[in-house]
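# Provided below are the primary sequence and the corresponding predicted coordinates.
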Number of protein chains: 2
Amino acid sequence: MNNTSEVVSLKTAKNKCKDCHAARYCLSSKLDDLGLANFTNIVKQRKPICRGERLFQSGNPFQSIYLVHSGSIKIYIESRDGEQQITGFYFPGDVIGIDAFETGYHRASAETLSVSSFCEISVNKFECMTREMPFLQHQFFCQISRQIIQQQKLMLLLGKMNSKRRLATFLIEMSGNMHLQGCSPNVISLSMSRYDIANYLGLAIETVSRILTNYQDTEILDVTGRNIIIKNKNKLLSIANNCPETQIVMAQSA
Amino acid sequence: MNNTSEVVSLKTAKNKCKDCHAARYCLSSKLDDLGLANFTNIVKQRKPICRGERLFQSGNPFQSIYLVHSGSIKIYIESRDGEQQITGFYFPGDVIGIDAFETGYHRASAETLSVSSFCEISVNKFECMTREMPFLQHQFFCQISRQIIQQQKLMLLLGKMNSKRRLATFLIEMSGNMHLQGCSPNVISLSMSRYDIANYLGLAIETVSRILTNYQDTEILDVTGRNIIIKNKNKLLSIANNCPETQIVMAQSA
DNA sequence: CGGTCTATTGACTGGGGTCAACCAGGGTGG
DNA sequence: CCACCCTGGTTGACCCCAGTCAATAGACCG
């Protein structure tokens, strides 16, 4: 690499990551100044991409992993006969693309739900970087374990819960998500369609629609298209947790 | 550490990993002699443990990751109200326990299906070791991506497939597994109960039983308790892949 | 022998999928 | 401006797949 250009990029780039609005969720969040400078130097920031575009898709060669910088994105896999299952929704701070290490090509596909931007890190550089920076490696392992647990929770939902409970669980999860993003946990602004929700939860879209109106009728929610207000969180929690009829006040899902 | 004892353990331990029957599936499979010696030195080999014992369970502090050395084990998570979902079966060479990095305690539980033994690596040493040995790190990342894809496939199964297809898919997977272990892919010796199969596939055990007899009646399988012989693999594949009635000869699931 | 655990088989039922009609919002174009 | 279509969402009617409940059988063991 050229030395002078590196110094320049280091200066500007460093500012980029330091000033980033997603810094506190990012893999780089606990790096010291030098580490962050290195990190910033290796990360390529991509332009925003439109809603409905694919960041990568099944079969693409594995070149980079991506950090969600803004927006939201769904990951899904397809069966041989073309049926697809959304396996997760990802938001700022999440790492995506790590399904491809073993085979060298992606098995899942990633499609944006809204205008989104991503930071791209080449696989090779990423592997080197994690070796050199213990903190970064640890953060990455944490991120992975989080995703594995998240997926396992979805399996529990798909394998064992009835439709009302699935939707309640989903809404509680989204509520937590809004809270993390710094918004009120009781005002959910969904970035995904009914179709995506139904697909994710293993339901028909009619069922999702019916249950939402039911929750509306029973004063649990206020539904206006993709904007949902939680009016009775205890009730929602008791459905999600399958508690007996008495509404139990309890801490939100860990 | 004591120097002399280290040399001794290095010699004996090195032999242990080199002679291990699971060496070619192991994380250590591509290490050079020095690397393998280091690896062997850090790995603690545990005594065999009985069927039905828990290697770790939800809530346990995260101390080690484990490599399956022999036998088989199920991983499951539990909901607040005690319902559980098996999220995977693991066999020699697989790494388990990586769900706990983020929180520092296990969220899932692991229970053996047969007499099994495991190699234990303390988390701290593991994190150091992967930094020092690029090959090992890469193998670990591969293992992770494999598990993520495996889990995503299960979500697809749980979210989109009917019961017959679920069971066919499971049997094809188990067949591939037997093949990997060096046995005939058409002779499956299940280490898990009907209850575990049903739980894993999100079905009732009666349904599993019924479908197995159906496959027996239609000459697809020969079922004798936990021993299953695949008599018509094409048919089984065509059910698993949801092909139109004509049996399509195709390569096994990638 | 009885007790327990695992598995099989039958009868019945209900949750949620499917099909179809309908509605609302937002382009687009004449 | 209205007419048109298209996409996304809601609602109703109907039915089937798989869950539930129950009875039974085999395997294993003290």
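Arrived safely.

# is DNA strand D contacted by stretch A:77-90?
No - under the criterion of Cβ under 7 Å from any atom of the strand, DNA strand D is not reached by stretch A:77-90; the shortest gap measures 13.5 Å. The C-beta positions use only the backbone N, C-alpha and C, and glycine is treated the same way.

# Now do that stretch, average pLDDT.
Averaged over stretch A:77-90, pLDDT sits at 95.

# List the buried residues in it.
With burial defined by 16 or more other Cβ atoms under 10 Å in any protein chain shown, the residues of stretch A:77-90 counted as buried are A:I77, A:S79, A:Q84, A:Q85, A:I86, A:T87, A:G88, A:F89, A:Y90.

# what's next to that stretch, contact-wise?
Stretch A:77-90 is contacted from outside by A:58, A:68, A:72-76, A:96, A:107-110, A:113, A:147, A:150-151, A:154, A:191-192, A:196, A:199-200, A:202, B:149, B:151-153, B:155-156, B:159-161, B:241-243, B:253, using Cβ atoms under 8 Å, 6 or more residues apart in numbering or on different chains.

# Take those residues and keep only those in helices.
A:147, A:150-151, A:154, A:196, A:199-200, B:149, B:151-153, B:155-156, B:159-160 (DSSP state H).

# ok, and the most crowded of these?
A:L154 (29 neighbours; other Cβ atoms under 10 Å in any protein chain shown).

# quick one: contacts for it?
Listed by Cβ under 8 Å, 6+ apart, the contact partners of A:L154 are A:T87, A:G88, A:Y200, B:M155.

# do A:E120 as well
With Cβ under 8 Å, 6+ apart, A:E120 has these contacts: A:V43, A:K44, A:Q45, A:R46, A:S64, A:I65, A:Y66.

# What residue in the stretch 51-200 of chain A comes nearest to DNA strand C?
A:N162 (3.1 Å; Cβ to the nearest atom of the strand).

# On the three-state scheme, A:L136 is what?
Following DSSP: H, G, I helix; E, B strand; the rest coil, A:L136 is assigned to helix.

# now swap in A:R165 and tell me
Reduced to three states by three-state DSSP, A:R165 is helix.

# List the contacts of it.
A:L157, A:I239, A:A240, A:N242.

# what residues are up against the first one?
What that stands for is A:L157. A:R165, A:R166, A:T169, A:F170, A:L201, A:G202.

# So of the contacts of A:R165, which two are at opposite extremes in space?
By the measure Cβ to Cβ, A:L157 and A:I239 form the most distant pair in these, at 12.7 Å.

# what's the closest non-adjacent residue to A:N60?
Spatial nearest neighbour of A:N60, excluding adjacent residues (Cβ to Cβ, 6 or more residues apart in numbering or on different chains): A:H106 at 4.8 Å.

# Quick check: that neighbour touching A:D99?
Yes - when contacts are counted by Cβ atoms under 8 Å, A:H106 is listed as touching A:D99 (6.4 Å).

# Which one's more surrounded, these two?
A count of neighbours by other Cβ under 10 Å puts A:D99 above the other of A:H106 and A:D99, at 29 against 23.

# Quick check, the more buried one in contact with A:A110.
No - contact between A:D99 and A:A110 fails when scored by Cβ under 8 Å: they sit 9.6 Å apart.

# Next, show the common contact partners of those two.
Shared contacts of A:D99 and A:A110, defined by Cβ under 8 Å, 6+ apart, are found at A:I75.
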